[in-house]
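A.B. asks: Requesting a structural model of the entry that follows:
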Amino acid sequence: MRVTENMVNGQKVCHGGLIFALADSSFGFACNSHNQHALAASCSIDFLAPAELGHELTAEANETAHAGRTRLYDVRVTNQDGKLIAVFRGKSATVRGTWVE
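C.D. replies: I've put the predicted structure just below:
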């Protein structure tokens, strides 16, 4: 996600809600990658560094735990230089249904 002029706040850094949305999208793809419908049960984010105008942000999600219908994912958001911008943790719960029969 490239940080554009309309994405910065009064501090001239990327609005945290947009970084959250990027991380949450990565989490959503990851928790639904097992061909089971999954929904977020909870999530949180820690902002570690500002994302500035022109930065290119990448979110990478990794499954860290699985117990029954519950899975935990950690998402790292980095900029184009590999600098860690935010860490997101999401807990998903599987529900009825599969994506592909």
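A.B. asks: Return the residues in contact with the residue most central in space within the chain.
C.D. replies: The chain has Ala23 as the residue nearest its centroid, 1.5 Å off, counting by CA atoms, centre = their mean. Applying CB atoms under 8 Å, 6 or more residues apart in numbering, we find Ala23 in contact with Ile45, Ala59, Ala61, Val75, Val77, Ala86, Phe88. From N, CA and C alone the C-beta is placed, and that goes for glycine too.
A.B. asks: Tell me if the first one really is in a helix.
C.D. replies: When you say that, I think you mean Ile45. No: assignment of Ile45 by DSSP: H, G, I helix; E, B strand; the rest coil gives strand, placing it outside any helix.
A.B. asks: which ones are touching it?
C.D. replies: Residues in contact with Ile45 (CB under 8 Å, 6+ apart) are Gly16, Ile19, Phe20, Ala23, Ala86, Val87, Phe88, Arg89.
A.B. asks: Tell me what the residue lying closest to the residue nearest to the centre of the chain once chain neighbours are set aside is bridged to.
C.D. replies: Nearest residue to Ala23 in three dimensions, chain neighbours excluded: Phe88, at 3.7 Å (CB to CB, 6 or more residues apart in numbering). Phe88 has these beta-bridge partners by DSSP bridges: Ile45, Val75.
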